[in-house]
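J.: This is a predicted model, with the sequence first.
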Amino acid sequence: MKRTVLTSAIALTLGLLSADAADKVDFGKQVYPILREKCLSCHAAPYKDSRGRTKKPKAGLRLDTVEWIQKGYLDDDDNPKQAVVAGNPAKSPLYTSTALPADHDDIMPPKGDPLSKAEQSLLKNWITQGANFGDFQTPAYKNPKAK
């Protein structure tokens, strides 16, 4: 009897652990593709446009590398701000700006389709889980707006 209870407890624990691992959001496979598709055309390294003008990242926020995501941006008063507050999506502008109503002036992205509910949920869960980048290595990104 004790052996059956112990075996059941171990099986339940392993099942819960594997469910948690299965739900773990992978930045490189799940979050970065969203950023690449929806955010990087405005929030990547400076580039020269077709007229030869240098275009800087909007609001000074770069999302093209782990280092820049962690660095954050400067607010309107030049105070440093985090784009992602690990464990707290409500204080993470990277998430909160995408979860605004579609007609809100500050929704991100401001043009094109907003993030789907599934994309918002992935972003929120990734931040809630600690905003872990794992061993992600940023691939080269060429801005489609660059000449």
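T.: Arrived safely, thanks for sending. Numbers count the residues shown, from 1 in each chain.
J.: which other residues reach stretch 124-141?
T.: With contacts defined as Cβ atoms under 8 Å, 6 or more residues apart in numbering, stretch 124-141 is touched by 23-28, 30-32, 36, 40, 44-45, 64-66, 69, 84-89, 92, 94-95, 99. For every residue, glycine as well, the C-beta is placed using N, CA and C.
J.: What about those residues, which are in helices?
T.: Members of the contacts of stretch 124-141 lying in helices (criterion: DSSP state H): 23, 32, 36, 66, 69, 94-95.
J.: Got a quick ChimeraX command for the buried subset of the contacts of stretch 124-141?
T.: To isolate the buried members of these in ChimeraX, using 16 or more other Cβ atoms under 10 Å:
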select :25,27,31,32,40,44,45,64,65,66,69,84,85,86,89,92,94,95,99
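J.: show me where the protein has strands.
T.: Secondary structure of the chain (DSSP state E): strands at 47-48, 54-55, 73-74, 80-81.
J.: Kindly spell out which helices and strands sit in contact with the first one.
T.: Just to be clear, that refers to strand 47-48. Packing partners of strand 47-48 (3 or more Cβ pairs under 8 Å, 6 or more residues apart in numbering; DSSP states H and E): strand 54-55.
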